[in-house]
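Enquirer: With the input below, show me the fold.
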Amino acid sequence: MTGPSEPEGQRQPFEPMPAAPSLNEQELGRTEVVGRPRSVDMAFILWLVTVVALLLSLVIYLAVSAASLEETIRVGLERQNRTMSAEDIKDAAALYRTLAIVINLVFAVLVAAFAFAMRGGKNWARITLIVVAGLNVVLGLFGFSGSILITLAELVLAGVAVVFMFRGEAKAYFGSGQLRR
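Expert: Sure, this is the predicted structure:
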C-alpha cells in the first residue's frame, strides 16, 4: 500500500537512517584505563592500620575492668569537688565503656568501608574519610580511644593518608570520567 501522494507503481525503496557518527576522544573524555597509583595504595594501607588502631582501642575497653573505670570517674569527680553515689559512678562507668566500644566499632567499620571505596577510585570516599577521621580524632581527644597515644597515632596515620590521597597521581586517579581496572 502506498501513501496518498505516491502513485501506485512508483514506490521508493526503504532507506534506513544513516548511523550516528562515532564520538571522538574529546567527546568521550579520557578513555584510557588508569591503573591505581602507589600513593592510593599507600593511603589504603594507612587507613587499614587506622582500623587496627580503632580495634585495639575496642580491645582495651573490653579488657579494662569496671572497677578501674569507676575509680577513674571517682578521681575525676573528686578533682572537680563533686560527688556521686557509688551506684551512679557504676552506671556512668558502664555507659562510658559501652559508648567507647560502640564508637570505636562504628568508626572502624566506616573507615574500612570508605577506604575500600577510596581504593576503588571513588572521590566522595576520600572526602568522607577525612570527615570520619576528623570526628574520630575529636572523640579520641574526649577519651573514647582508650589512650591518648592511640589517638595521636590515629591522627598521624590519618594525616599521612590524606597527604597520599591528594598527591598528584592520586588526583588524576580520582579525576572524573576515567575508566578504572
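
Enquirer: what comes up buried for the longest helix seen in the chain?
Expert: Ranked by residue count under DSSP state H, the longest helix found in the chain is helix 86-119. By neighbour count with 16 or more other Cβ atoms under 10 Å, helix 86-119 contains the buried residues 89-90, 92-93, 96-97, 100-101, 103-104, 107-108, 110-112, 114-115, 117-119. Any C-beta I mention is one placed from the backbone N, CA and C, and that applies to glycine too.

Enquirer: Roughly how far does the residue nearest the centre of the chain sit from Glu15?
Expert: Taking Cα atoms, centre = their mean as the criterion, Phe114 is the residue nearest the geometric centre of the chain, at 2.8 Å. In this view, Phe114 and Glu15 are 55 Å apart by Cβ to Cβ, to the nearest Å.

Enquirer: residue ranges for the strands of this structure, please.
Expert: For the chain, strands defined by DSSP state E occupy the ranges 33-34, 179-180.

Enquirer: where among the ones you listed is the average confidence lowest?
Expert: Set side by side, those differ in mean pLDDT, and strand 179-180 is lowest with a mean of 47.

Enquirer: Show me where the chain dips below the pLDDT cut-off.
Expert: By pLDDT under 70, the low-scoring segments of the chain are 1-12, 14, 23-34, 176-181.

Enquirer: in it, which spans are helices?
Expert: When assigned using DSSP H, the helices of the chain occupy the ranges 25-28, 38-63, 66-79, 86-119, 123-139, 148-165, 168-174.
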